[in-house]
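> heads up, no residue letters with this:
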């Protein structure tokens, strides 16, 4: 029985690791600096199909196409910003894990700050009201509750 459990667990580990191995891009560029830029870019671009993975980590075909496009743009001499802008123009802001601030998405950046300030204001008001009630309370903790 124990042998079967060990074999099963080993199989599960192999399957989990094999899934990750399939997602790794085996392409190595000749120039180490170009390879570093390629790695950085593919980790900051979102897979349009998976949506919560970078194109570097995604095993789907679309991510492979995007990795190939990034590699070709790098080899043609484009800068990182030009590549980001090219892909952003083609796929929209969603492709960037760190979208740029503009007027269309300003509410995404401003809303958390507004909600935080609103929450702090409500908390301060509640604390002050309770402090005032505690200061004017003349009852003793031993008094019976009416």
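Done, it's in. This structure is a prediction, so every number in the text was calculated from the model and none was measured.

> got the end-to-end distance for stretch 39-51?
Stretch 39-51 has an end-to-end distance of 18 Å (CA to CA, to the nearest Å).

> also stretch 66-86?
This stretch, stretch 66-86, spans 12 Å end to end (CA to CA).

> chain center to that stretch, what's the gap?
22 Å (CA atoms, centre = their mean, to the nearest Å).

> check which residues of that stretch are buried.
For stretch 66-86, a neighbour-count test (16 or more other CB atoms under 10 Å) marks 66-67, 69-71, 73-74, 83-84 as buried. All C-beta spots, glycine's among them, are computed from the backbone N, C-alpha and C.

> what's that stretch in contact with?
Stretch 66-86 has contacts (CB atoms under 8 Å, 6 or more residues apart in numbering) with 25, 27, 29, 34, 37-38, 40-42, 45, 47-48, 55-56, 87, 96.

> narrow those residues to those in strands?
Among the contacts of stretch 66-86, none falls in strands (DSSP state E).

> make a PyMOL selection of the buried ones in the residues you listed.
To isolate the buried members of the contacts of stretch 66-86 in PyMOL, using 16+ other CB under 10 Å:
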select buried, resi 25+37+38+41+42+45+47+48+55+56+87
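
> mind listing which of the contacts of stretch 66-86 are in helices?
Mapping the contacts of stretch 66-86 onto helices (DSSP state H) picks out 34, 37-38, 40-42, 87.

> nearest to residue 123, of the buried residues of stretch 66-86?
Comparing those against residue 123 with CB to CB places residue 84 closest, at 39.6 Å.

> that's a helix at that closest one, yeah?
Yes - the assignment for residue 84 is a helix, going by DSSP: H, G, I helix; E, B strand; the rest coil.

> pLDDT wise, what is it at?
pLDDT for residue 84: 92.

> now it: how far from residue 91?
11 Å (CB to CB, to the nearest Å).

> any idea how far residue 84 is from residue 61?
22 Å.

> which element is residue 89 on?
Secondary structure assigned from DSSP states H and E places residue 89 in helix 80-91.

> let me know the next secondary structure element after that helix.
Note on helix 80-91: by DSSP H and E, the next helix or strand toward the C-terminus is helix 106-136.
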